[in-house]
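Enquirer: model the structure of this input:
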Amino acid sequence: KLGTIADIEVKTAPPKLLERLTDALQLGDGTELLAISKEGHSKRAVARVLSDGAIAGNFFEQSIPDRPAMQWLRDELDRGLDPNLLVKRKDGKYEAILVTAFRAANADGVAALLEAGANPHAYQDLSFYPVQNPLFASPISALIDSNFTQEEKVRLARLMVENGIILPRAPQISSDSIFG
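Expert: Numbering: from 1, shown residues only. Below you'll find the model as predicted:
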């Protein structure tokens, strides 16, 4: 069975490079990620490694205070990394990488993805269990309920609006509709 182009590129990438990339992503080590980028790598290899939800989750959780990691992410997005990349969660379902960054409360990661054109109504594969939290059915509600600081919430809300968030209209209520 033939694999996809991404599979072929990942399989032909030097194993040591993939191992270093995976380790650096899991640790959120921006300095190492920038060094790996200077050595050259396939954008498909980066996408392939980041599409693992555990790795992407660790990257966003561990890189919160790491400015070089966010610079690396911005550089990869500039090189063509899809800001709407689908990430496979532990339960086998998929969500957009924006959701992963949001869950990790990584405001700089969310901002980088939105600035690169991520859809503010990011994809989530929902199974409709009562415990599911469809973050991006109503991104502003999710943002309000998030662990971001007030300053981060304002910044991210502006980016969401710039990227085409759909804001529901509040129903017009008049005294006639209430009192008949």
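Enquirer: any idea how far residue 43 lies from residue 76?
Expert: To residue 76, residue 43 is 7 Å away according to Cβ to Cβ, to the nearest Å. The C-beta positions use only the backbone N, C-alpha and C, and glycine is treated the same way.
Enquirer: do residue 31 as well
Expert: Separation of residue 31 from residue 76 (Cβ to Cβ): 15 Å.
Enquirer: the more surrounded of these two?
Expert: When neighbours are counted by other Cβ atoms under 10 Å, residue 76 comes out ahead of the other of residue 31 and residue 76, with 21 against 13.
Enquirer: which residue is the nearest non-sequential neighbour of that one?
Expert: Spatial nearest neighbour of residue 76, excluding adjacent residues (Cβ to Cβ, 6 or more residues apart in numbering): residue 46 at 5.7 Å.
Enquirer: the residue nearest to residue 143 when sequence neighbours are not counted sits in which helix or strand?
Expert: The spatial neighbour of residue 143 that comes closest, neighbours along the chain excluded (Cβ to Cβ, 6+ apart), is residue 153 at 5.5 Å. In the assignment (DSSP states H and E), residue 153 maps to helix 150-162.
Enquirer: just checking, what packs against that helix?
Expert: Applying 3 or more Cβ pairs under 8 Å, 6 or more residues apart in numbering; DSSP states H and E, one finds that helix 150-162 contacts helix 107-115, helix 139-144.
Enquirer: the residue nearest to residue 143 contacts residue 147, doesn't it?
Expert: No: the criterion here is Cβ atoms under 8 Å, and residue 153 misses it with residue 147 at 9.9 Å.
Enquirer: which one's more surrounded, those two?
Expert: Applying other Cβ under 10 Å to residue 153 and residue 147 shows that residue 153 carries more neighbours, namely 16 against 11.
Enquirer: can you check the pLDDT for the more buried one?
Expert: pLDDT, residue 153: 92.
Enquirer: and residue 35, how many residues sit next to it?
Expert: Residue 35, neighbours per other Cβ under 10 Å, totals 14.
Enquirer: tell me which element it is part of?
Expert: Short version, using DSSP H and E: residue 35 is in helix 30-39.
Enquirer: ok so, going back, what about the residue nearest to residue 76, helix or strand, and which?
Expert: Per DSSP H and E: residue 46 is located in helix 43-50.
Enquirer: for residue 80, pull up the helix or strand it's in.
Expert: Judged by DSSP H and E, residue 80 forms part of no helix or strand.
Enquirer: flag every buried residue along the helix holding residue 153.
Expert: For helix 150-162, burial by neighbour count (16 or more other Cβ atoms under 10 Å) applies to 152, 153, 155, 156, 157, 159, 160.
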